[in-house]
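1. Give me the fold of what follows.
(one chain, ligands or ions: 1)
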Amino acid sequence: MGENKFATLKFGDKEIDLPILEGAVGPDVIDVSKLYAQSGVFTYDPGFTSTASCESKITYIDGDEGILMYRGYPIDQLARESDFLEVCYLLLYGELPSKVEKDKFVKGITYHTMVHDQMRGLFNGFRRDAHPMAIMVGVVGALSAYYQDSLDIDDPHQRMVASYRLIAKMPTIAAMAYKYSVGQPFAYPRNDLGYAENFLHMAFSVPCEEYNPSPTIIRAMDRIFTLHADHEQNASTSTVRLASSSGANPFACIAAGIACLWGPAHGGANEAVLNMLNEIGTKENIPEYVARAKDKNDPFRLMGFGHRVYKNYDPRAKVMQETCHEVLAELGIDDDPLLELAIELERVALEDEYFVEKKLYPNIDFYSGITLRAMGFPESMFTVLFAVARTVGWVAQWNEMIEDPKQKIGRPRQLYTGATERTYTPMHKRAHD
Ligand code: CMC
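-> Residues are numbered from 1 along each chain as shown. Have a look, this model is predicted:
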């Protein structure tokens, strides 16, 4: 990053030169880190829409062009030609693995998939109707109680052990959360299966029957994981970074990321898309709902449309749409009414002036919900699957942050607009009404 260009900020009688930093690609950033010390003012940026919170080498997004790259590799190439564990390696280590490196990594992850057997008892403490994300937040946080030999964030070896454990155990915990909710016995992981197939096995196999998903379904699961693996400084990743900036342990920090992901504006959106499609019901009702989405006095929004960063077609949505068609064809669902409704809704919205003008395109969640439902997952599991996939992104960003010599505790400031100093009034002197 070069520091030879400056932006000059003038206000009052002050004139301050702020360094301009250049990234490898993408917009330059104005370094305001010393602004307060130099001038006594803060910057104001609710929602961090204009703020780069860190330097990162992991994921690059160009929202206007609809580009997403992990470590420089375009997402559609990775989704089509690579596999999820290779992508995990890439995100963690920065380069594609050699055959030997990949085999070692796959083995390392595979042999960490079991959870401490006492953790099975944890699940019984949850109500049967608990949302699986509520279970995930609790159980993933609880990993810090079971794996105390990988909590020292200053030890690179312990950090890597914690990273492997998180990537490996997340599908096991997610499948256990699902099994618990449907009242079926937990299925132990199988080391002879790949990451995605093993997850499907733990979610859908039962002791009395074989479960043999087709290669198309396994591939779709793997692809869904790849498409969701990282997305630079989104809300949950920023949450993980902020939580870990205090030195908190990795399991607690990832649990914080899961909590953030749960919200409908973030990971909860694909669940919200299906709820919305069910509510719309038939194609005839689409105009009414599109009108509601445009009405500023109505809180309704078209779920699965719009993105903070993409002001173009979400590049993940293209691959997701293809995968959706493949899965439905494989399962013989050629007339899914929800898919037909979704395609029609997409068509109407993309031709509507409001959506065109505001650059609101379908995002990945628009098609992932339909795909996951066809694969047999209930809506409440959608965000859980997102969490399984995003764990590697959180972990890679967490490692990067800890290794960054510029890292310090995250501590935003504020524009205070509350009461100015006043004197405490005892109760008997306050107004009585
Ligand atoms: N339906 C109707 N209007 C919308 C929508 C929508 N889905 N999304 C944005 N708008 C409007 C919004 O009302 C605003 O209008 P105006 O400028 O007149 O006030 C304008 O478009 C810009 O929206 P914004 O809320 O300022 O944009 P944002 O960057 O803060 O929000 C978003 C991004 C994803 C939260 C929002 O588009 C949204 O709520 N979408 C639906 C939920 C969804 O699909 N979320 C999944 C995101 S992708 C998965 C992930 O990466 O986590």
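2. from here on, contacts and neighbour counts on C-alpha atoms
-> Fine.
3. Quick check: residues of the stretch 301-433 of the chain near the ligand?
-> 301-308, 358, 363 (C-alpha under 6 Å from any ligand atom).
4. Just the buried positions in stretch 298-308, please.
-> 301-307 (16 or more other C-alpha atoms under 10 Å).
5. Over to stretch 100-108?
-> 102, 105-106.
6. if we can go back for a sec, save the buried residues of stretch 298-308 as TSV, and put in pLDDT and secondary structure too.
-> Output for those, formatted as TSV (pLDDT from 0 to 100; DSSP: H, G, I helix; E, B strand; the rest coil):
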residue	pLDDT	secondary structure
Arg301	93	coil
Leu302	93	coil
Met303	92	coil
Gly304	90	coil
Phe305	91	strand
Gly306	91	coil
His307	88	coil
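7. Pro287 in helix, strand or coil?
-> The local conformation at Pro287, judged by DSSP: H, G, I helix; E, B strand; the rest coil, is helix.
8. err, Val309, not the other one
-> Under three-state DSSP, Val309 falls in the coil class.
9. what's near enough to touch the residue nearest to it when sequence neighbours are not counted?
-> Sequence neighbours aside, Gly63 is the residue nearest to Val309 in space, at 4.9 Å (criterion: C-alpha to C-alpha, 6 or more residues apart in numbering). By C-alpha atoms under 8 Å, 6 or more residues apart in numbering, Gly63 lies in contact with 309-312, 314.
10. same thing but 6 Å
-> Going by C-alpha atoms under 6 Å, 6 or more residues apart in numbering, Gly63 touches 309-311.
11. repeat for Met375
-> Contacts of Met375 by C-alpha under 6 Å, 6+ apart: none found.
12. cool, and Glu326?
-> Taking C-alpha under 6 Å, 6+ apart as the definition, Glu326 has no contacts.
13. mind redoing it with 8 Å?
-> Thr216.
14. Which helix or which strand is home to it?
-> Using DSSP states H and E, Glu326 sits in helix 315-330.
15. From the centroid of the protein, which residue is nearest?
-> Centroid check for the chain by C-alpha atoms, centre = their mean gives Arg390 as the closest residue, at 5.0 Å.
16. Could you count how many residues lie near the nearest residue to Asp334 once chain neighbours are set aside?
-> Using C-alpha to C-alpha, 6+ apart and skipping the chain neighbours, the partner closest in space to Asp334 is Leu328 (6.4 Å). Using other C-alpha atoms under 10 Å, the number of residues around Leu328 comes to 19.
17. Over to Phe251?
-> If you count neighbours by other C-alpha under 10 Å, Phe251 ends up with 26.
18. Which elements pack onto the host helix or strand of it?
-> Under the criterion of DSSP H and E, Phe251 resides in helix 250-261. Helices and strands touching helix 250-261, by 3 or more C-alpha pairs under 8 Å, 6 or more residues apart in numbering; DSSP states H and E, are helix 132-146, helix 156-182, helix 235-244, helix 382-403.
19. is it possible to export the ones you listed to TSV including mean pLDDT?
-> As requested, the helices and strands packed on helix 250-261 are arranged in TSV below (pLDDT from 0 to 100):
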stretch	mean pLDDT
helix 132-146	96
helix 156-182	97
helix 235-244	97
helix 382-403	97
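20. closest one to Tyr416 among those helices?
-> Closest to Tyr416 of these is helix 235-244 (C-alpha to C-alpha; 21.6 Å).
21. That closest one vs helix 250-261, what angle?
-> Helix 235-244 runs at 140 degrees relative to helix 250-261, counting by axes from the mean of the first three to the mean of the last three C-alpha atoms, to 10 degrees.
22. Briefly note if helix 235-244 comes near the ligand.
-> No - judged by C-alpha under 6 Å from any ligand atom, helix 235-244 stays clear of the ligand, getting no closer than 7.8 Å.
23. From Phe225, how far out is whatever residue of the stretch 51-200 of the chain ends up closest to the ligand?
-> With C-alpha to the nearest ligand atom, the shortest gap between the stretch 51-200 of the chain and the ligand falls at Gly63, namely 11.1 Å. Per C-alpha to C-alpha, to the nearest Å, Gly63 is found 21 Å from Phe225.
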